[in-house]
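In: okay, here's the prediction I keep looking at, along with the sequence it came from:
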Amino acid sequence: MESVYLQFVWLFLLSIPIACISWTVTHEEVFREPREYCIEKSKNSKAVMIKKFFYLFTCEYCFSHYVTVFFLFLTEYKLLLPDWRGYIIAGFSLIWISNIYMSLYSLLRQFIVKEKSEIKFLENKE
């Protein structure tokens, strides 16, 4: 078992690609068409399970759970405990940190858009 310090370094580093993948799939232009298809299916399907499945690809919080499971499988990362409980603790911790990263990124993007619009307004005013 790795030291607790190293486990927490892994926690904060492994959350970065989880947040990146989750955000990109659920928000960025590169996945717009598949996301619009999923939104349509999640709203108009009659079967509840189909609605839930397609909704997964439109919600960064929901999608981050599945990306986290993939990364746990890929890295075998465990937090604090060396058995199955370590996977559970690691999973929820990774989800939490990655969602903090996504929230901070969202706030940063809003700030940048606001600043750009204010600059454009001031330039047009002159």
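Out: Nice, thanks for sending it over.
In: what's the local residue count around Thr24?
Out: Thr24: 14 surrounding residues under other CB atoms under 10 Å. (Each C-beta comes from the backbone N, C-alpha and C, glycine too.)
In: just Glu2 next, same as before
Out: Glu2: 13 surrounding residues under other CB under 10 Å.
In: next up, the contacts around it.
Out: Contacts for Glu2 (CB atoms under 8 Å, 6 or more residues apart in numbering) come out as Trp10.
In: now do it against Leu81, distance only.
Out: Noted for Glu2: a distance of 12 Å to Leu81, by CB to CB, to the nearest Å.
In: next one: Lys116
Out: In terms of CB to CB, Lys116 sits 47 Å off from Leu81.
In: which pLDDT value goes with Met102?
Out: Looking at Met102, its pLDDT reads 97.
In: next one: Glu118
Out: Note on Glu118: pLDDT of 88.
In: and if you look at the one 4 residues further on?
Out: At Leu122 the predicted local confidence, pLDDT, stands at 84.
In: now for the nearest residue to Val4 once chain neighbours are set aside, how many residues are close by?
Out: Once flanking residues are discounted, Val4 sits nearest to Leu80: 7.2 Å by CB to CB, 6 or more residues apart in numbering. By other CB under 10 Å, 13 other residues sit near Leu80.
In: which helix runs longest in the chain?
Out: Counting by DSSP state H, the longest helix found in the chain is helix 84-125.
In: list the buried ones in the strand or helix carrying Leu14?
Out: Assigned by DSSP states H and E, Leu14 belongs to helix 4-27. Neighbour counts over helix 4-27 (16 or more other CB atoms under 10 Å) mark 7, 10-11, 14-15, 18-23, 25-27 as buried.
In: elements contacting that helix?
Out: Contact partners of helix 4-27 among helices and strands, from 3 or more CB pairs under 8 Å, 6 or more residues apart in numbering; DSSP states H and E: helix 60-75, helix 84-125.
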